[in-house]
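Peer 1: what would the 3D arrangement of this be:
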Amino acid sequence: MRAGLDWPALMRAGMQGLRLTPDAFWALTPAELQVMLGDPAASAPLLSDGLDALMAAWPDSTDTTPEGGLK
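Peer 2: Numbering: from 1, shown residues only. Next up is the predicted model:
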């Protein structure tokens, strides 16, 4: 059996959390509702592993090249 959507939870999130009217809620596509509710993974705090990866990808540098850019 395939699990369905938790409509009561989605309705509470849309109508109570986002303060949408029922008409506005039912007019949304699932993608629009997902964007409005946000991505839980994207709102997670940046932990040390994530910070280390970010610092490795974009290291700070105070040395400049003759062209005026960063090394």
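Peer 1: what sits up against the longest helix belonging to the chain?
Peer 2: As assigned by DSSP state H, the longest helix anywhere in the chain is helix 48-57. For helix 48-57, contacts defined as Cβ atoms under 8 Å, 6 or more residues apart in numbering pick out Leu46. No exception for glycine: its C-beta is placed from N, CA and C like everyone else's.
Peer 1: could we number from 634 for the rest of this?
Peer 2: From this message on, residue numbering opens at 634, which makes the last subject helix 681-690.
Peer 1: what does the pLDDT read for the spatially closest residue to Gly647 that is not a sequence neighbour?
Peer 2: Distances taken as Cβ to Cβ, 6 or more residues apart in numbering place Phe658 nearest to Gly647, at 4.3 Å, with adjacent residues excluded. Phe658 carries a pLDDT score of 96 in this model.
Peer 1: list the contacts for Phe658?
Peer 2: Here Phe658 is in contact with Met644, Gly647, Met648, Leu666 (Cβ under 8 Å, 6+ apart).
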